[in-house]
Every structure is written in structure tokens, then in C-alpha cells.
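Engineer: Sequence plus the predicted model coming up.
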Amino acid sequence: MAVTIQSTPKEYSPSDNPLTYTFSSDQTAQANFSFVIETYFNTVKVGEDRVFVESFSYGHIDISSHIKPLISAGGKLLTVINEIPVGSINIKVYESYGTTPTLQANSTSGVTKVWKACIAQERFITEDFDTTYKQIKWLTNQPNDTFKVPVGNDVYLTMLNGVGTTHWKIDYKTAVASLGTVEADTTFEIMQINANSVLNGFPTATYAIVSNDDDAPFRIDFLTENCETFNVVYWVNEYGAIDQYTFDHSEESSGTSVSEGYSRAFGAWSGTNFNYTSSAGQRNNIVTTTRKITLNSGYMSSLTQNWLNEVVQSPRHWIYLLPWTLTNASFTDEDDRFEDLISYSLSFNHIFLKDSPTV
């Protein structure tokens with residue numbers, strides 16, 4: 001009588017990708033044999049399933065459907081450092097058999113850490129966050145390790161630290177001087193840093209270097225708005241982290257309105273007289289407007305354009321502090337002998353409808 005856990009998810013696994021376990025038993029020839037699997041999230045039982053033998057003496061289960069609703073993303077917060085929620089999962093597998101099946105021997109898996117994320121399937125097959133991202137790479141696909149944002153805007157970077165204490169810092173600089181450093185130790189397994197120069201007390205900085213234990217340096221360039229119009233779009237990327245891009249070419253604001261009202265009759269009685277009045281006809285009680293905005297970029301490299309395609313895959317978007325809903329995205333790719341000239345456009349609807357006074 002023995003249950004063996006054959007394989008488990010990787011040590012750090014995205015919550016919305018498959019969280020698959022395989023297991024086996026030496027009692028599969030028993031009458032009415034099956035596996036009963038209990039799923040635990042942060043030591044609390046959140047699911048129970050029955051699995052029958054699938055291949056020789058083996059079975060498997062994907063518990064992501066139990067886990068996905070239980071863990072939340074970090075979100076866009078106006079603090080210098082924020083913790084991205086990380087949960088612990090494991091399963092307990094029982095043998096079940098007999099003329100009247102009863103639970104027999106069992107085995108408990110090791111613990112896997114999960115956070116709200118969902119990477120592409122082809123990458124999920126081979127990606128190991130513990131070896132390729134933990135304290136090595138920031139959770140973004142930005143190709144140049146540089147963000148450009150206007151002074152005073154939030155700019156986020158997220159790092160998988162793992163357990164233990166990690167030191168992080170932001171060095172604020174100008175072209176000729178070092179202005180100062182914001183730094184601290186953290187025990188957050190996944191940390192989100194906001195390098196906003198005004199929030200951190202360095203409004204005159206022209207750039208900053210963000211690092212984790214003096215490794216993985218990432219540059220933030222701060223733009224000064226003069227006559228230009230800058231719009232920073234934030235979104236949740238495939239790692240569950242916040243990314244951002246500054247649209248610095250133009251913006252177009254518009255709206256679509258819908259009226260609700262009634263038709264007033266052309267004629268009406270006034271005492272004993274039946275009169276006609278020019279105030280007859282269609283009368284509106286309220287007008288509801290859907291506000292829209294289209295943002296256009298300047299020309300960019302093909303690497304940047306490929307990265308920005310992630311915006312279309314994101315469920316959440318913000319422009320500055322306000323949430324918006326993406327409606328469509330497009331880009332133009334112009335190839336010639338010397339360079340690729342690419343522009344990018346995004347269209348959004350405001351999440352709130354604008355109502356007129358009711359009259």
C-alpha cells in the first residue's frame with residue numbers, strides 16, 4: 001500500500017498556467033480503484049477530486065481551476081514598494097478501493113509557490129522562474145531595460161526575490177551629479193517598486209537606476225513636458241506585473257452620446273382652446289456619453305513594437321491614474337533598406353459613462 005508523487009509544478013509557478021501533478025500507486029489492481037486528491041491553498045483545503053488510473057499505474061491532475069480564483073494580482077499602487085501576493089499550494093493523494101471504496105494510504109506533495117500570472121504556452125513548457133528570473137531578471141519583456149516616463153509619473157518594476165531578505169535601491173541622477181538613493185531591505189517574495197521621482201523626493205532627477213542587490217540594473221529616463229503631450233499607459237503583463245509605455249506623439253479625445261426622452265404632441269388644450277405650439281416634438285430627458293481616447297506613438301523599433309503587442313493581451317489598463325478599457329490597437333510597419341519605422345495606436349473607452357443632468 002503506497003502512493004508515490006511522481007512530479008509536481010515547478011517551485012515558482014504562474015497561477016493561471018497548468019498546475020499539474022502526477023502520481024502512482026502499487027494497489028491499482030484492487031476493486032474499484034481510484035485516486036482521491038485534496039487540494040490545499042495556504043494550508044486550507046480548497047478542492048477534492050477523484051481521478052482514475054490513466055496510464056499503467058499512473059494518474060494526474062491540474063489544480064489550476066481551484067487556485068486561479070483564490071489569488072489576486074498586485075495592482076497599481078501609489079507606494080514606493082508593494083508586495084505581490086504569493087500563495088502556497090500542495091496536494092494530498094489517497095488510494096481509494098474496495099467493494100465499498102474507502103480511503104487507504106496517502107501521500108502529500110511538496111509545496112509550490114504561485115502568483116497571479118499566465119505566460120505563453122510555448123514558454124510555459126520550458127520556463128523555470130526559480131533559475132532564470134529569481135533575483136536575476138525583472139518581470140517585464142521590455143527589450144532595452146529602459147523605461148521613459150514624464151517627471152512625476154509612476155513607473156513600476158517587479159522582481160521575484162524568493163524567500164529571505166533582499167536589498168533593493170533606486171539611484172537618482174542628473175547628467176552631471178548623483179542626487180541620492182532610496183533603498184531598503186525587504187522580505188517580500190515578489191516585490192513591486194515604484195520609481196516615481198517626485199514620490200521619492202527627487203523631482204529634478206533626469207534618470208534613475210533601479211537595482212536588486214546591486215544586480216539587474218534597469219534605467220528610468222524622466223521626460224520633461226514642455227509643449228508636448230505625454231500619456232503613460234499602464235497594463236498588467238503576462239507575469240502579473242505592471243508595465244508602462246509613454247505615448248508621446250498625439251492624442252485624440254472623442255465621445256459617443258445616446259439620448260433618452262419622449263415625443264411631445266404638436267397640439268394641446270389650453271382651457272377651451274386647442275392650440276399648436278413650437279415646443280412640440282422630440283424632448284430629451286438625459287444624454288449618456290461614452291468617452292473615448294486614441295493615443296499615437298512616434299516611430300519605434302520593431303523590438304519595442306513587438307513588446308507593445310502585450311498591451312492587447314492585458315485585461316487591465318490605466319492612463320495616468322484612471323482605469324480605461326482597451327477597444328482596439330493597431331500598428332504600421334514600414335520597411336526600407338536602412339531602418340524599420342513603426343508607429344503604434346491604441347484606443348480606449350473610459351470605464352465610467354458621463355450622464356447629463358436629468359430634466
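Structural biologist: Cool, the structure landed. Numbers count the residues shown, from 1 in each chain.

Engineer: Quick one: the helices in the stretch 201-350 of the chain, in order.
Structural biologist: Using DSSP state H, counting those that start in this stretch, the helices found in the stretch 201-350 of the chain span residues 302-308.

Engineer: what's the neighbour count on R283?
Structural biologist: 12 (other CB atoms under 10 Å). Every residue, glycine included, has its C-beta placed from N, CA and C.

Engineer: so it touches S263, yeah?
Structural biologist: Yes. Using CB atoms under 8 Å, R283 makes contact with S263 at a distance of 7.3 Å.

Engineer: which stretches of the protein have low pLDDT?
Structural biologist: 227-228, 330-340 (pLDDT under 70).

Engineer: For I84, see how far away the residue nearest the centre of it is.
Structural biologist: Nearest to the mean C-alpha position of the chain, by CA atoms, centre = their mean, lies V236 at 2.5 Å. Distance, V236 to I84, using CB to CB, to the nearest Å: 11 Å.

Engineer: Mind listing the shared neighbours of those two?
Structural biologist: Taking CB atoms under 8 Å, 6 or more residues apart in numbering as the contact rule, V236 and I84 both touch A73.

Engineer: mind listing what's buried in stretch 216-223?
Structural biologist: 216, 218, 220, 222-223 (16 or more other CB atoms under 10 Å).

Engineer: tally of neighbours for the closest residue in space to Y245 that isn't next to it in sequence?
Structural biologist: Nearest residue to Y245, sequence neighbours excluded (CB to CB, 6 or more residues apart in numbering): V233, at 5.6 Å. V233 has 22 neighbours, counted by other CB under 10 Å.

Engineer: how about V233, what does it touch?
Structural biologist: Counting by CB under 8 Å, 6+ apart, V233 has contacts 244-247, 295, 311, 317-319, 346.

Engineer: Need those residues in CSV (columns: neighbour count).
Structural biologist: As requested, the contacts of V233 are exported to CSV (neighbours: other CB atoms under 10 Å):
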residue, neighbour count
Q244, 21
Y245, 24
T246, 19
F247, 21
L295, 25
V311, 19
H317, 18
W318, 19
I319, 18
L346, 26
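
Engineer: bridging residues for M191?
Structural biologist: E83, M159 (DSSP bridges).

Engineer: show me the residues around A241 that make contact.
Structural biologist: Contacts of A241 by CB under 8 Å, 6+ apart are 74, 84, 117, 139-140, 156-158, 192.

Engineer: What of V258?
Structural biologist: Each residue near V258 by CB under 8 Å, 6+ apart is listed here: 287-289.

Engineer: What is the nearest of those to N106?
Structural biologist: T288 (58.5 Å; CB to CB).

Engineer: which residues in the stretch 201-350 of the chain form strands?
Structural biologist: Along the stretch 201-350 of the chain, the segments classed as strands by DSSP state E, counting those that start in this stretch run 207-212, 215-223, 231-236, 242-247, 250-264, 267-270, 273-276, 281-296, 317-319, 322-335, 340-350.

Engineer: and the next helix or strand after the last one, what does it pack onto?
Structural biologist: Read it as strand 340-350. Helices and strands here follow DSSP states H and E; after strand 340-350, the next one along the chain is strand 354-355. If contacts are counted by 3 or more CB pairs under 8 Å, 6 or more residues apart in numbering; DSSP states H and E, strand 354-355 sits against strand 281-296.

Engineer: partner strands of the strand it packs on, parallel or antiparallel?
Structural biologist: strand 250-264 (antiparallel), strand 340-350 (antiparallel), strand 354-355 (antiparallel).

Engineer: Show me the beta-bridge partners of S347.
Structural biologist: Bridge pairing for S347 - DSSP bridges - gives T294, N328.

Engineer: how far away is it from F124?
Structural biologist: Relative to F124, and taking CB to CB, S347 is found at 30 Å.

Engineer: Neighbour count: the two, which is higher?
Structural biologist: More crowded of S347 and F124, by other CB under 10 Å: S347, with 17 against 14.

Engineer: Isn't K45 up against I37?
Structural biologist: No. In this structure, K45 is not within contact of I37 by CB under 8 Å, at 10.9 Å.

Engineer: Who has more neighbours out of these two?
Structural biologist: Neighbour totals were compared for K45 and I37, and I37 leads with 22 against 11 (other CB under 10 Å).

Engineer: OK, contacts around the more buried one?
Structural biologist: 21, 47-51, 61, 63, 91-94.

Engineer: likewise V151?
Structural biologist: Counting by CB under 8 Å, 6+ apart, V151 has contacts 197-198, 203, 205, 222-225.

Engineer: Kindly reformat the contacts of A241 as JSON lines containing distance to K148.
Structural biologist: What follows is the contacts of A241, written out as JSON lines (distance: CB to CB, whole Å):
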{"residue": "G74", "distance to K148": "22"}
{"residue": "I84", "distance to K148": "24"}
{"residue": "A117", "distance to K148": "25"}
{"residue": "L139", "distance to K148": "19"}
{"residue": "T140", "distance to K148": "14"}
{"residue": "Y156", "distance to K148": "14"}
{"residue": "L157", "distance to K148": "14"}
{"residue": "T158", "distance to K148": "18"}
{"residue": "Q192", "distance to K148": "19"}
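
Engineer: Looking at these, which is nearest I170?
Structural biologist: Of those, the one sitting nearest to I170 (CB to CB) turns out to be L157, at 9.2 Å.

Engineer: Look at that closest one and give its secondary structure.
Structural biologist: Assigned with DSSP: H, G, I helix; E, B strand; the rest coil, L157 falls in the strand class.

Engineer: Count the neighbours of it for me.
Structural biologist: Neighbours of L157 (other CB under 10 Å): 26.

Engineer: K354 against R291, yeah?
Structural biologist: Yes. Between K354 and R291 there is a contact at 5.9 Å, judged by CB under 8 Å.

Engineer: Sweet, I'm off.
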